[in-house]
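S.K.: all I have is the shape, not the residue letters:
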């Protein structure tokens with residue numbers, strides 16, 4: 001099986017993509033809840049999904065940052 005090694009440029013591009021996604025998630029999380037109770041329930045579910053996505057993206061971002069540091073050694 002052929003191993004694929006990520007280049008520094010690929011890692012930097014993915015880091016930028018993740019940061020853009022995190023910015024969108026944070027903007028979404030700052031929105032106020034709707035007055036309608038059913039809409040609030042939907043918004044809360046979406047916030048839970050967004051929070052999980054944010055955690056996963058931050059883990060991936062940490063891994064990328066670690067790999068980028070290895071390039072500097």
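M.R.: Received it, and whenever you're ready, just let me know what you need. Everything numeric in this text was worked out from a predicted model, so none of it was measured.
S.K.: now do the contacts for residue 22.
M.R.: Residue 22 sits next to 54, 57, 58, 61 when contact means CB atoms under 8 Å, 6 or more residues apart in numbering. For the C-beta atoms, the positions are set from N, CA and C on the backbone; glycine is no exception.
S.K.: same thing but 7 Å
M.R.: By CB atoms under 7 Å, 6 or more residues apart in numbering, the contact list for residue 22 reads 54, 57.
S.K.: per-residue confidence for it?
M.R.: Looking at residue 22, its pLDDT stands at 96.
S.K.: that one: helix or strand, and which one exactly?
M.R.: If you go by DSSP states H and E, residue 22 is part of helix 8-29.
S.K.: what residues sit buried inside that helix?
M.R.: Using 16 or more other CB atoms under 10 Å as the test for burial, helix 8-29 gives 11, 14, 15, 18, 25.
S.K.: starting at the chain centroid, how far to that helix?
M.R.: Put simply, helix 8-29 sits 6 Å off its chain's centre (CA atoms, centre = their mean, to the nearest Å).
S.K.: now the angle between helix 8-29 and the helix or strand just after that helix, please.
M.R.: Past helix 8-29, further along toward the C-terminus, the next helix or strand under DSSP H and E is helix 37-72. Helix 37-72 and helix 8-29 meet at an angle of 160 degrees, taking axes from the mean of the first three to the mean of the last three CA atoms, to 10 degrees as the criterion.
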